[in-house]
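> 3D model of this:
(2 chains)
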Protein chains: 2
Amino acid sequence: MRIAVDTLGGDHAPHEILKGVAIALREGGFSSDELVLVGPQAVITKTLNEEGLTDLPTIVHTEEVIEGHEKPVVGLRTKPNSSISLCVKTVRSGDADGLIAFGNTGATVAAATMGLGMLPGIRRPGIAVTILGRGGRFVLLDAGANPTPKPEHLFQYSLMGAAYSKDLLGRDNPRIGLLNIGGEASKGGEVIRVAYETIEASHLNFIGNVEGNELFDDKADVFVADGFVGNMVLKVVEGFAEYLVHSATASRRDTGVRDVLRDMLGASDFSEVGGATLLGVNGVVLIGHGRSHASAVLPALRAVKADVEAGVNHHIVESLASHGGEVPST
Amino acid sequence: MRIAVDTLGGDHAPHEILKGVAIALREGGFSSDELVLVGPQAVITKTLNEEGLTDLPTIVHTEEVIEGHEKPVVGLRTKPNSSISLCVKTVRSGDADGLIAFGNTGATVAAATMGLGMLPGIRRPGIAVTILGRGGRFVLLDAGANPTPKPEHLFQYSLMGAAYSKDLLGRDNPRIGLLNIGGEASKGGEVIRVAYETIEASHLNFIGNVEGNELFDDKADVFVADGFVGNMVLKVVEGFAEYLVHSATASRRDTGVRDVLRDMLGASDFSEVGGATLLGVNGVVLIGHGRSHASAVLPALRAVKADVEAGVNHHIVESLASHGGEVPST
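Purely as a prediction, here's the structure:
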């Protein structure tokens, strides 16, 4: 088991990422031969030495990075040795079993899709995030890889989300809900209505449409949405949580409130769960939050390890086969 | 100034609505000739008498109501004397200046659109809600009237939201943001990209795309989205707030937390702001939350009164004229 780490992507790269790597090596149970660090050789060596480490992981040297504001496709074309491209190459060649990246999400999705290819039969990748609700963690996907999916993509997201929920969250027969603005099958546009019929015709444990206010109510284990809506939902929850912490701090009415709130919200925080998982590509790809600090690295590494060990991708392919192919007939 | 009240729509109708009417009459500064109550004559009279009131508002008798689960168009056709239809009729005839309704939202939108018609030049109605953020209240529209708008509808929502923000929230030159999953003008589907250009070409104070996590950050005064995304965002915020209050209660770590949280969230609550406003129709229509209790009625009445007195609809028409017609050329 070996994981490639993009040390150059993200708002606080490379230093925070490297500090996180040091934590993983010192206290996180990871050994140096389990990691491949992609980034500037001298900086990596110096930083990890300063962190007290001498037995360093393999380093794949590069100083190129696709910045957050760059267009993914342009970045990938003009920077063939970008850190994300080299991470993907490391996984493709078999030198690593998975990768973690905290940089430009669009570039990570594009590099992984082009470099690793899709799992057999899967048409589009989807970003799966987990959020804490009344029934524990639930899965939301797609959180932004595919803003305008076709119905069959939404069906495949249901299937991939179910495999993920089963393998990584221990749900037995994951309940699949379609995020919609009403409970009736006739709600939403054409894409969502056809997706409803397709998922209903599958073997999946489909509970139908679920509205936004029911997201935290333990109605489903997997919530499926197009990448526009999924991304919006994720970011609104994130922004609302930050606003509440800010308000609690500003109000000074009770300093304990902020801490309790942080505890409650912390469990939804990327830095505690590692990041989002890109499902559908032929490899294990973890997308960390661009604002991640050192504390996010160890959870991200653990998430990749759990994903690889559970064989999520294998189960996705199996599940697709059990449905007789790419999309069930409705 | 007179307001029609649908006493039959909503989860706790008619009793909670009537108790709310009693509060408005006893303590809220409303007099009986400022209200028209639409609903069952005997029940209304008996309930208000029990509340200690003898000088009652005019009652428009009906026992028909379109339930929450009914399809709006079917309900309106099969129940010509539904409470919402009679409320709309009362406004159309000039016997009331506006209405409040806590029932089936789709039926309220359809009844108002068909019964009152649109403001001159406005093509589609939009539901405007206000939510509390770092900079005070902001407007989000459309919250569900029009799930698949055209770009020109989104432009008109910007214009209507600006008038609303100016008239009712006192913003001088309201900043308009387009809810999107990235900051660049090229983000999102075709509809949102064309809407971006159209709003940018207008006189409106357009700040460009805004992401979900920036909703509470005082980036804009008016956030424009299609009705699917707007409804989802509103309901996710509602559901997340309820989940947090539930968690704070369940954790018992600090009983003060729940109360502070409720205070913070309460200001976002429909029952404190009255409800959502249906903009674009030729009349003033306030849509209360279906779960409203008595406490929501007085704020709803005040919201309608403020809307009528401010002349929001007049300002929408003026603003549209200042743009030379229905949609500015890009």
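> Which residue ranges of the stretch 201-330 of chain A form strands?
Taking DSSP state E, counting those that start in this stretch, the strands of the stretch 201-330 of chain A run over residues A:205-210, A:222-224, A:276-279, A:284-287.
> In the helix or strand encompassing A:Ala195, which of the residues would be classed as buried?
In the assignment (DSSP states H and E), A:Ala195 maps to helix A:190-200. Neighbour counts over helix A:190-200 (16 or more other Cβ atoms under 10 Å in any protein chain shown) mark A:191-196, A:198-200 as buried. Any C-beta I mention is one placed from the backbone N, CA and C, and that applies to glycine too.
> Stretch A:213-228 too?
By 16+ other Cβ under 10 Å, the buried positions in stretch A:213-228 come out as A:213-217, A:219-228.
> before we move on, the earlier item: would you mind giving the buried residues of helix A:190-200 as a markdown table with pLDDT added?
What follows is the buried residues of helix A:190-200, written out as a markdown table (pLDDT from 0 to 100):
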| residue | pLDDT |
| --- | --- |
| A:Val191 | 94 |
| A:Ile192 | 95 |
| A:Arg193 | 94 |
| A:Val194 | 96 |
| A:Ala195 | 96 |
| A:Tyr196 | 96 |
| A:Thr198 | 96 |
| A:Ile199 | 96 |
| A:Glu200 | 96 |
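> Going by distance to chain B, which of the residues you listed wins?
Nearest to chain B among the buried residues of helix A:190-200 is A:Ile192, at 8.6 Å by Cβ to the nearest Cβ.
> Apart from its chain neighbours, what residue comes closest to that closest one?
Distances taken as Cβ to Cβ, 6 or more residues apart in numbering or on different chains put A:Asn180 closest to A:Ile192, at 6.0 Å, once the chain neighbours are dropped.
> ok, longest strand in chain A?
Criterion DSSP state E: the longest strand present in chain A is strand A:126-133.
> after that strand comes which helix or strand?
strand A:136-141.
> how about the helix or strand following that following strand: buried residues?
Counting by DSSP H and E, the next helix or strand C-terminal to strand A:136-141 is helix A:151-169. Within helix A:151-169, the residues scored as buried using 16+ other Cβ under 10 Å are A:151-168.
> got it, and stretch A:32-40?
For stretch A:32-40, burial by neighbour count (16+ other Cβ under 10 Å) applies to A:34-40.
> what's the answer for stretch A:76-90, then?
Those buried within stretch A:76-90 under the rule 16+ other Cβ under 10 Å are A:76, A:79, A:82-90.
> quick revisit: any chance of a markdown table for the strands of the stretch 201-330 of chain A, columns mean pLDDT and distance to B:Gly275?
Formatted as a markdown table, the strands of the stretch 201-330 of chain A follow (pLDDT from 0 to 100; distance: least, Cβ to Cβ, whole Å):
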| stretch | mean pLDDT | distance to B:Gly275 |
| --- | --- | --- |
| strand A:205-210 | 97 | 24 |
| strand A:222-224 | 98 | 27 |
| strand A:276-279 | 96 | 36 |
| strand A:284-287 | 97 | 39 |
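> Determine which stretch of those strands is the most buried.
Burial of these is given as mean neighbour count (mean count of other Cβ atoms under 10 Å in any protein chain shown); strand A:222-224 ranks first at a mean of 31.
> Work out the sheet partners of that strand and label each with its direction, please.
Partners of strand A:222-224 in the sheet, by DSSP bridges, are strand A:136-141 (parallel), strand A:175-179 (parallel).
> Contacts for that strand, please.
Residues external to strand A:222-224 that are found in contact with it (Cβ atoms under 8 Å, 6 or more residues apart in numbering or on different chains): A:138-142, A:154, A:157-158, A:161-162, A:164-165, A:174-179, A:195, A:199, A:210, A:215.
> quick one on the thing from earlier: and which of the buried residues of stretch A:213-228 is nearest to B:Ala24?
A:Asn213 (27.4 Å; Cβ to Cβ).
> Isn't the residue nearest to A:Ile192 up against A:Glu211?
Yes: with contact defined as Cβ atoms under 8 Å, A:Asn180 reaches A:Glu211; the gap is 6.7 Å.
> neighbour-wise, which of the two wins?
Between A:Asn180 and A:Glu211, counted using other Cβ atoms under 10 Å in any protein chain shown, the more crowded position is A:Asn180 (27 against 21).
> who are the neighbours in contact with that one?
A:187-188, A:192, A:209-211.
> do A:Gly161 as well
A:126, A:128, A:139, A:141, A:174, A:176, A:222-224, A:279.
> ok, now A:Asp6?
A:Asp6 sits next to A:13, A:17, A:38-39, A:83-84, A:87, A:99-103 when contact means Cβ under 8 Å, 6+ apart.
> Got the phi and psi for it?
phi -80, psi 110 (degrees, to the nearest 10).
> and the spatially closest residue to it that is not a sequence neighbour, what pLDDT?
In space, and not counting its chain neighbours, A:Asp6 is closest to A:Ala101: 4.0 Å by Cβ to Cβ, 6+ apart. Residue-level confidence at A:Ala101 comes out at 97, pLDDT.
> For the contacts of A:Asp6, please prepare TSV with the additional fields secondary structure.
Converted to TSV, the contacts of A:Asp6 look like this (DSSP: H, G, I helix; E, B strand; the rest coil):
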residue	secondary structure
A:Ala13	coil
A:Ile17	helix
A:Val38	strand
A:Gly39	strand
A:Ser83	helix
A:Ile84	helix
A:Cys87	helix
A:Leu99	strand
A:Ile100	strand
A:Ala101	strand
A:Phe102	coil
A:Gly103	coil
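> what's the most distant pair in the residues you listed?
Farthest pair in the contacts of A:Asp6 (Cβ to Cβ) is A:Ala13 and A:Leu99. Separation: 14.3 Å.
> When those two are compared, which one has more neighbours?
A direct count of neighbours by other Cβ under 10 Å for A:Ala13 and A:Leu99 places A:Leu99 higher, at 30 against 20.
> Let me know the average pLDDT across stretch A:132-140.
92.
> where's that stretch relative to the chain centroid, distance-wise?
Distance of stretch A:132-140 from the chain centroid (Cα atoms, centre = their mean, to the nearest Å) equals 15 Å.
> Tell me the residues of the stretch 101-250 of chain A that contact chain B?
A:133-134, A:144, A:147-148, A:179, A:181, A:188-189, A:211-217, A:227-229, A:231-244, A:246-248 (Cβ under 8 Å from any Cβ of the partner chain).
> Can I get the buried ones among the residues you listed as something I can paste into PyMOL?
Buried residues among these (16+ other Cβ under 10 Å), as a PyMOL selection:
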select buried, chain A and resi 133+144+147+179+181+188+211+212+213+214+215+216+217+227+228+229+231+232+233+234+235+236+237+238+239+240+241+242+243+244+247+248
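> can you tell me which residues contact A:Ala220?
Neighbouring residues of A:Ala220 by Cβ under 8 Å, 6+ apart: A:138, A:174-177, A:207, A:210.
> Tabulate these (CSV), appending distance to B:Glu51.
Shown next, in CSV, are the contacts of A:Ala220 (distance: Cβ to Cβ, whole Å):
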residue, distance to B:Glu51
A:Phe138, 44
A:Pro174, 50
A:Arg175, 45
A:Ile176, 48
A:Gly177, 42
A:Ile207, 42
A:Val210, 39
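> which one among those residues gets closest to chain B?
Nearest to chain B among these is A:Val210, at 10.1 Å by Cβ to the nearest Cβ.
> bridging residues for that closest one?
A:Leu179.
> Of the strands of the stretch 201-330 of chain A, give the one that comes closest to B:Met114.
Proximity to B:Met114 (Cβ to Cβ) singles out strand A:205-210 among those, at 26.3 Å.
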